[in-house]
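Colleague: Structure of the sequence below:
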Amino acid sequence: MNMSIHGHTSVAALALALAITGLGPACAKPATAADAATDTVASAAASPAAQAYILGPQDVVEVELLGQGDFHVRAPVATDGSILLPYLGKVTAANKTCDQLGSEISQALEAGGFYAHPVLSVQIVSYASRYVTVLGEVGAPGLVPIDRNYHLSDILARVGGVKDGAADFLVVRSAKGDEHRFLISTLATGGVADDPLVEPGDKVFSPKAALFYVSGQVKTPGAYPMADGMTVRMAIGRGGGITDLGTDRSVTVRDPTGNRRHVRLDDKIAAGDVIVVGERIF
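Modeller: Okay, here's the model as predicted:
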């Protein structure tokens with residue numbers, strides 16, 4: 001049965017019943033102002049991600065006219081930002097939420113005389129246009145769809161965290177070319193500046209940790225990953241501590257250029273430094 005003015009009452013009742021039972025669409029437009037209560041109930045149950053997501057090319061949406069089986073389309077968003085719909089042809093979907101798109105389609109169908117007060121559902125079937133690229137020393141590098149607001153810590157969790165041997169920071173490069181470093185240890189404990197929201201097009205990179213070396217009178221000499229603010233004392237601790245034959249009064253550092261200097265325990269070290277603990281003089 002084609003939806004007309006005479007069919008409006010039954011369709012509005014169907015929309016109200018679906019919303020009240022929690023089965024209504026994530027993005028639905030009320031039939032009339034009298035159905036405002038229906039819209040309120042449906043919006044309360046709607047997915048915040050679906051409501052806030054901005055559509056773009058390669059996303060796939062499902063457009064359905066409630067009560068009209070002949071108007072049910074699953075449409076990919078084309079590279080020009082449009083989708084193809086019955087009666088209307090090309091409709092611009094890019095840079096709109098599904099609420100906005102549903103409202104515009106409903107108005108166009110009514111303005112064209114195809115349906116009176118159509119009740120429309122627009123749902124996102126596949127997220128593809130908005131994503132963050134995660135690379136480097138993480139559990140599962142790749143593309144992470146941005147279907148809601150994500151903090152950097154959320155993205156790190158979704159890719160399985162960092163591997164052993166990864167640096168203690170992440171590098172985030174925006175689509176505009178801005179680049180920032182964020183300490184992993186402060187992602188969960190710091191403020192908004194320490195764990196920012198990511199944006200579509202961002203690239204997150206987890207580099208391998210730079211190394212320092214400990215030798216001489218330490219229990220487990222070898223190479224170890226650098227950490228932010230690493231001191232000589234911390235480096236020796238990573239090497240298992242000083243042996244009974246060693247002394248912290250005879251510690252030198254040789255930098256990557258070969259220069260050697262005597263240091264105190266609280267002095268900072270840099271990547272590539274070799275910490276040498278000397279023997280105790282009896």
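Colleague: any idea how far residue 185 is from residue 229?
Modeller: Residue 185 sits 10 Å away from residue 229, going by C-beta to C-beta, to the nearest Å. Every residue, glycine included, has its C-beta placed from N, CA and C.
Colleague: Surely residue 240 and residue 217 touch.
Modeller: No - assessed by C-beta atoms under 8 Å, residue 240 is found out of contact with residue 217, at 10.7 Å.
Colleague: more neighbours, these two?
Modeller: residue 217 (22 against 13; other C-beta atoms under 10 Å).
Colleague: ok, now how distant is that one from residue 193?
Modeller: 42 Å.
Colleague: Then residue 218?
Modeller: 38 Å.
Colleague: Likewise for residue 52?
Modeller: For residue 52, the distance to residue 193 - C-beta to C-beta - is 22 Å.
Colleague: and if you look at residue 230?
Modeller: 23 Å.
Colleague: cool, residue 273 as well?
Modeller: Taking C-beta to C-beta, one finds residue 273 at 30 Å from residue 193.
Colleague: So for those two, which residue has more residues nearby?
Modeller: residue 273 (23 against 9).
Colleague: Check whether that one really touches residue 255, as I assumed.
Modeller: Yes - assessed by C-beta under 8 Å, residue 273 is found in contact with residue 255 at 5.6 Å.
Colleague: Whichever strand or helix holds residue 106: how far from the chain's middle?
Modeller: Assessed by DSSP states H and E, residue 106 sits inside helix 98-111. When distances are taken as C-alpha atoms, centre = their mean, to the nearest Å, helix 98-111 is centred 30 Å away from the chain's centroid.
Colleague: buried sites along that helix?
Modeller: 98-106, 109 (16 or more other C-beta atoms under 10 Å).
Colleague: of these, closest to residue 178?
Modeller: When the buried residues of helix 98-111 are ranked by distance to residue 178 (C-beta to C-beta), residue 100 comes first, at 29.0 Å.
Colleague: so who does that closest one touch?
Modeller: Shown in contact with residue 100 (C-beta atoms under 8 Å, 6 or more residues apart in numbering): no residues.
Colleague: Quickly note the distance from it to residue 54.
Modeller: 9 Å.
Colleague: got any residues that touch both of these two?
Modeller: Common neighbours of residue 100 and residue 54 (C-beta under 8 Å, 6+ apart) do not exist.
Colleague: about what we covered before: find residues that contact each of residue 240 and residue 217.
Modeller: Common neighbours of residue 240 and residue 217 (C-beta under 8 Å, 6+ apart) do not exist.
Colleague: Tell me the pLDDT of the nearest residue to residue 241 once chain neighbours are set aside.
Modeller: Nearest residue to residue 241, sequence neighbours excluded (C-beta to C-beta, 6 or more residues apart in numbering): residue 219, at 5.7 Å. At residue 219, the pLDDT value in this model is 97.
Colleague: How is the protein divided into domains?
Modeller: Split into domains by automatic domain parsing, the chain comes to 5-126, 131-206, 211-279.
Colleague: closest to residue 157 among the buried residues of helix 98-111?
Modeller: Nearest member of the buried residues of helix 98-111 to residue 157, counting by C-beta to C-beta, is residue 98, at 26.4 Å.
Colleague: mind listing the helices for this structure?
Modeller: 8-20, 36-45, 48-52, 98-111, 152-158, 232-238 (DSSP state H).
Colleague: Report whether the expected contact of residue 253 with residue 278 is present.
Modeller: No - the criterion here is C-beta under 8 Å, and residue 253 misses it with residue 278 at 11.9 Å.
Colleague: neighbour count winner among the two?
Modeller: Shown here are residue 253 and residue 278; by other C-beta under 10 Å, residue 253 has more neighbours (21 against 17).
Colleague: Distance of the more buried one relative to residue 210?
Modeller: 15 Å.
Colleague: For residue 204, grab the count of nearby residues.
Modeller: Residue 204, neighbours per other C-beta under 10 Å, totals 22.
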